[in-house]
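Peer 1: need coordinates for the following:
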Amino acid sequence: MNGAMVAKILGQFLMVFSLTLLIPIAVAVVYGEHTAQAFFLAFAVTFSLGMLLWLPFSRIPTELRNRDGFLVTVLFWVVLGLTGALPLMLVEEVHLGLTDAVFESVSGITTTGATVITGLDQLPKSILYYRQQLHFLGGIGIVVIAVAIMPLLGVGGMQLYRTENIGPSKETKLTPRIAETAKALFAIYVALNVACTAAYWAAGMNFFDALTHSFSTIATGGFANYDASFGYFQDETLYAICIFFMVAASLSFGLHYFAWLKKSLRPYWRNPEARAFLLSLAAAALVVSGHLFFLEHQDLRGSLVHGTFQLVSIMTSTGFATDPFSQWPSFLPFFMLVMSFFGGCVGSTTGGVKFGRMVIMTRQVFREVGRLVHPSGVFPLKVGTWAVPTRVTDAVWAFFGVYLGVYYAVVLLLLASGLDYVTAWSATAATLNNLGPGLGAVANHFGDINPFAKWVLSFAMILGRLEIFTVLVLFTPMFWRR
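Peer 2: From the prediction side, this is the model:
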C-alpha cells in the first residue's frame, strides 16, 4: 500500500472539491444572504486539509495500483461526507450538530436524499443550492469527474474508474482511453441536467427551482427545496417531465452514449437489461395505479398520476414525493420499497441491486431448472449476444449474498438501537438502496431517530453508493497483505 500516493491524490481531490464551495457564495450574493462567510470558512478548511495532504508528497511520481484505488475511493467518500458537513454546521439558519450535518452531507453526496432538516421552505437559497450541488457531484461519481478534469494527477485513472463501476458490465470503458470515457459520461450527465433544467423552466418552475431540481432528478437523489417535496408544484406537466428524466437517468449512461453515436433509439430496446427495467417499471406502475383506483384512494386520473410518479420515483431510488405514500392503503408502501431493491441499470445514477444483476440471476435460475430436466444438456448463459463468463455469474451471486447479509446486519443494529421493525427495515432499504424516504418514524424525515442509528445509516449510504464490495474489501486481511 502506497500511503504517500493515497494522501497525495486524496489531497488533490479535496482541493478540487473545496472549489465547489465557492459557488454557493455567489448564490448568497445574488440573493442577498448572509451565509457567504460560513461557506468561505468551509472552503478554507477543506482546501487547507487538502493542501496538507498533498504538499508533502507532491513531487513523488508513483503508479496508482488497484488496491490504492480502492482505498482512495472509499477514503474520499468518507472525507467528503465529513468536510461536506461544514457548511451545514456553520450556517446559522441550519446550524446542525455533527451527527445530523454528516448524515445530511453523506445523504447528499451519495444521492440518497434522506434528510434530517425540516422547514426547507424557509432556508436560505445558498443552502438549498448547496444540498442539490452535493447530489450533482455524487450523481456521476466525483472520482470519475476528477479523472476527466485532472490529467495532472499523473497516474492511471482506470483503477479509480473501476472502483466506481463494479458490476456485471460487458464493457468496462466506452473509449480506448479512460479519461475520454470519463469525459463522455460527464458530457452526457451535464447534457441531461441542461435538458431537464430547460424542461422544468419552460413548464413553469422558476430558474432556481428548475436548476436545483434537475440536479436531484438526474442524480436520482431526491432532495427538494420544499417540505412537500415535488408535490409542492401541483403540476401534472412537471410530474411528467420528472418521470421522463428519472427514467432516463436510470438507464445506463453507456447505453445513452451508444444511442447517441448511432442516432437511434433501438439500442435501448435491444439491450436486455434496459428492456427488463422498462417493462418492470411499466408493470409495477400499473399495479400501484390500479390498486389506488380500485381501493378508491384516488380517482382514475389521480391514481395514474400519483401512482406512476411515486412508483417511478421509488423504484429509481430518486425519492421525490407528490403524495404521502407511507399512508397509502394495503401493501403499496411495502411493494414500492421492495421495488427499490431492483433499482435501475448498471452504469446509471440509481441505487439498489441493479437490473443487470437481476437479469443474470434470472437467467441462471432458468438454466439450473433446465439442467434438472435435462441433466446432460448444455445451457450457455447469455444476455443478448453476450456469453456471460462464469466469473461474472459468481460475482453477481456473491454480491447478492453479501448484500442480503449487510442489509440484515444493519437492520439488527437499528433494532438494537431501539427502532421498531418497520422503521428499521425501511430505513435500511432507504439508505442502502440510496433511496431516501422510508416508513414508520422515517416516513417524513430522519431527524427524530437516535444518533447511533444515524451513524449506522450514514455508513449504509456509503456502502450502497460504492456497491458494498468496494468498502468491504478494505476489511479483509488479503487487502492489507503485501
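
Peer 1: CA atoms for contacts and neighbours, from now on please.
Peer 2: Will do.

Peer 1: not counting sequence-adjacent ones, nearest residue to residue 393?
Peer 2: Of all residues not flanking residue 393 in the chain, residue 360 sits nearest, at 6.9 Å (C-alpha to C-alpha, 6 or more residues apart in numbering).

Peer 1: and after the helix or strand where that neighbour lies, which helix or strand comes next?
Peer 2: Using DSSP states H and E, residue 360 falls within helix 355-373. Once helix 355-373 ends, the next helix or strand along the chain (criterion: DSSP H and E) is strand 382-383.

Peer 1: now the next helix or strand after that following strand: average pLDDT?
Peer 2: In the C-terminal direction, the helix or strand that comes right after strand 382-383 (DSSP H and E) is strand 386-387. Model confidence over strand 386-387, given as mean pLDDT, is 76.

Peer 1: quick check: angle from the next helix or strand after strand 386-387 to helix 355-373?
Peer 2: Secondary structure here is assigned by DSSP H and E; on that basis, the next helix or strand after strand 386-387 toward the C-terminus is helix 390-416. Angular relation of helix 390-416 and helix 355-373 on a 0 to 180 degree scale: 110 degrees, by axes from the mean of the first three to the mean of the last three C-alpha atoms, to 10 degrees.

Peer 1: now what about the very next helix or strand once past helix 390-416, what contacts it?
Peer 2: Using DSSP H and E, the helix or strand that follows helix 390-416 towards the C-terminus is helix 421-432. The contact list for helix 421-432, computed with C-alpha atoms under 8 Å, 6 or more residues apart in numbering, reads 112, 114, 337, 340-341, 351-352, 407, 410-412, 414-415, 435-442, 457-458, 460-465.

Peer 1: list the helices and strands the helix or strand that contains residue 9 packs on?
Peer 2: Under the criterion DSSP H and E, the helix or strand holding residue 9 is helix 3-20. Contacts defined by 3 or more C-alpha pairs under 8 Å, 6 or more residues apart in numbering; DSSP states H and E place helix 3-20 against helix 36-54, helix 66-83.

Peer 1: mean pLDDT lowest for which of the ones you listed?
Peer 2: helix 66-83 (a mean of 85).

Peer 1: can you point out the buried residues in that helix?
Peer 2: Counting neighbours by 16 or more other C-alpha atoms under 10 Å, one finds that the buried residues in helix 66-83 are 66-78, 80-83.

Peer 1: go on, stretch 409-425?
Peer 2: 410-415, 417, 419, 422-425.

Peer 1: need these in a markdown table (columns: distance to residue 182).
Peer 2: Written out in a markdown table, the entries for the buried residues of stretch 409-425 read as follows (distance: C-alpha to C-alpha, whole Å):
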| residue | distance to residue 182 |
| --- | --- |
| 410 | 33 |
| 411 | 36 |
| 412 | 38 |
| 413 | 37 |
| 414 | 38 |
| 415 | 41 |
| 417 | 41 |
| 419 | 41 |
| 422 | 40 |
| 423 | 38 |
| 424 | 37 |
| 425 | 36 |
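
Peer 1: what would those look like in a markdown table with pLDDT and distance to residue 209?
Peer 2: Supplementary listing: the buried residues of stretch 409-425 in a markdown table, determined by pLDDT from 0 to 100; distance: C-alpha to C-alpha, whole Å:
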| residue | pLDDT | distance to residue 209 |
| --- | --- | --- |
| 410 | 97 | 35 |
| 411 | 97 | 35 |
| 412 | 97 | 39 |
| 413 | 97 | 37 |
| 414 | 97 | 35 |
| 415 | 97 | 38 |
| 417 | 96 | 37 |
| 419 | 96 | 35 |
| 422 | 95 | 33 |
| 423 | 96 | 31 |
| 424 | 96 | 32 |
| 425 | 96 | 32 |
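
Peer 1: what score does the closest residue to residue 196 other than its chain neighbours have for pLDDT?
Peer 2: If the residues on either side of it in the chain are set aside, residue 196 comes closest to residue 214, at 5.5 Å by C-alpha to C-alpha, 6+ apart. In this prediction, residue 214 carries a pLDDT score of 97.

Peer 1: so where is the stretch 251-400 of the chain shaky, pLDDT-wise?
Peer 2: For the stretch 251-400 of the chain, applying pLDDT under 70 flags no range at all.

Peer 1: now do the helix or strand harbouring residue 239, average pLDDT.
Peer 2: Residue 239 is part of helix 236-250, with elements assigned from DSSP H and E. pLDDT averaged over helix 236-250 equals 96, rounded to a whole number.

Peer 1: check which helices and strands it is in contact with.
Peer 2: Helix 236-250 is packed against helix 178-202, helix 207-218, helix 300-315, with contacts defined by 3+ C-alpha pairs under 8 Å, 6+ apart.

Peer 1: would you mind finding the most buried of those?
Peer 2: Each of these was scored by mean neighbour count; the highest is helix 207-218, a mean of 25, by mean count of other C-alpha atoms under 10 Å.

Peer 1: just the CA trace of it, in CSV.
Peer 2: What follows is helix 207-218 as a C-alpha-only set of coordinates in CSV (Å, rounded to 0.1, in the frame of the first residue of the first chain):
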residue,chain,number,x,y,z
PHE,A,207,-35.0,29.1,-12.8
PHE,A,208,-33.6,28.4,-9.3
ASP,A,209,-36.0,25.6,-8.7
ALA,A,210,-35.6,24.2,-12.2
LEU,A,211,-31.8,24.1,-11.9
THR,A,212,-31.6,22.6,-8.4
HIS,A,213,-34.4,20.1,-9.0
SER,A,214,-32.7,19.0,-12.2
PHE,A,215,-29.6,18.2,-10.1
SER,A,216,-31.6,15.9,-7.8
THR,A,217,-33.6,14.4,-10.7
ILE,A,218,-30.7,13.3,-12.9
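
Peer 1: give me the angle between it and helix 236-250.
Peer 2: 40 degrees.

Peer 1: tally up the residues packed near residue 336, please.
Peer 2: Other residues within reach of residue 336 by the criterion other C-alpha atoms under 10 Å amount to 21.

Peer 1: how much space between it and residue 198?
Peer 2: The gap separating residue 336 from residue 198 is 30 Å, by C-alpha to C-alpha, to the nearest Å.

Peer 1: what does residue 477 give?
Peer 2: Look at residue 477 and residue 198: by C-alpha to C-alpha, they are 50 Å apart.

Peer 1: one more: residue 278?
Peer 2: Counting by C-alpha to C-alpha, the gap from residue 278 to residue 198 is 25 Å.

Peer 1: same deal with residue 108?
Peer 2: Taking C-alpha to C-alpha as the criterion, residue 108 is separated from residue 198 by 23 Å.

Peer 1: residue 447: neighbouring residues, count only.
Peer 2: 18.

Peer 1: how about the one 4 residues further on?
Peer 2: Other residues near residue 451 number 15, with proximity taken as other C-alpha under 10 Å.

Peer 1: what's near enough to touch it?
Peer 2: Residues in contact with residue 451 (C-alpha under 8 Å, 6+ apart) are 99-100.

Peer 1: in stretch 463-479, what counts as buried?
Peer 2: Using 16+ other C-alpha under 10 Å as the burial criterion, the residues of stretch 463-479 that qualify are 463-471.

Peer 1: same question, stretch 385-401
Peer 2: Along stretch 385-401, these residues count as buried under the neighbour rule (16+ other C-alpha under 10 Å): 388, 392-393, 396-397, 399-400.

Peer 1: host element of the residue nearest the centre of the chain?
Peer 2: Compute the mean C-alpha point of the chain, and by C-alpha atoms, centre = their mean the closest residue is residue 111, 3.9 Å away. Residue 111 is part of no helix or strand, with elements assigned from DSSP H and E.
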